[in-house]
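S.K.: Attaching a predicted model along with its sequence, questions to come.
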Amino acid sequence: MTITAILVLAAGTYAFRLAGPLLRARLAKAHGGEAALPPRLAEVLSTAATVLLVALIATSSLTDAGSFAGIALPAGVLAGGVLAWRKAPFVVVVVAAAVVAAGLRALGVP
């Protein structure tokens with residue numbers, strides 16, 4: 001049973017990864033070009049990717065088990081986001097986010 005689940009998930013992951021380049025090529029051909037997408041379509045796809053990433057960040061940083069996660073977790077994510085925006089090294093970003101969240105929780109902030 002476990003090996004079947006692993007194989008199904010692996011096949012699904014591969015299919016999702018393969019769908020990206022295939023969809024891009026199909027959209028480019030549909031609009032008359034082989035290599036590049038029309039500027040408007042490229043802008044829409046870029047915006048859609050950004051919106052999906054922001055939604056993922058919001059749901060993973062603001063909720064925990066279906067309810068509000070408290071202030072400490074979003075504060076840690078915010079601290080990490082600011083450091084990443086300022087181009088701090090990745091290790092510094094992760095450690096600072098963890099320290100902020102853990103520090104607030106140690107102080108009793110939910």
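M.R.: Received, thanks.

S.K.: Tell me which residue lies nearest the centroid of the protein.
M.R.: Compute the mean C-alpha point of the chain, and by Cα atoms, centre = their mean the closest residue is L53, 4.3 Å away.

S.K.: separation between it and V91?
M.R.: 22 Å (Cβ to Cβ, to the nearest Å). The way it works is simple: take the backbone N, C-alpha and C, and place the C-beta from them, glycine included.

S.K.: How about W85?
M.R.: W85 is 16 Å from V91, by Cβ to Cβ.

S.K.: same question, A55
M.R.: A55 is 27 Å from V91, by Cβ to Cβ.

S.K.: can you check S46 too?
M.R.: In terms of Cβ to Cβ, S46 sits 29 Å off from V91.

S.K.: who's more crowded, these two?
M.R.: S46 (11 against 8; other Cβ atoms under 10 Å).

S.K.: Which strands and helices lie in contact with the helix or strand the more buried one falls within?
M.R.: For S46, the enclosing helix or strand under DSSP states H and E is helix 39-62. Packing partners of helix 39-62 (3 or more Cβ pairs under 8 Å, 6 or more residues apart in numbering; DSSP states H and E): helix 72-85.
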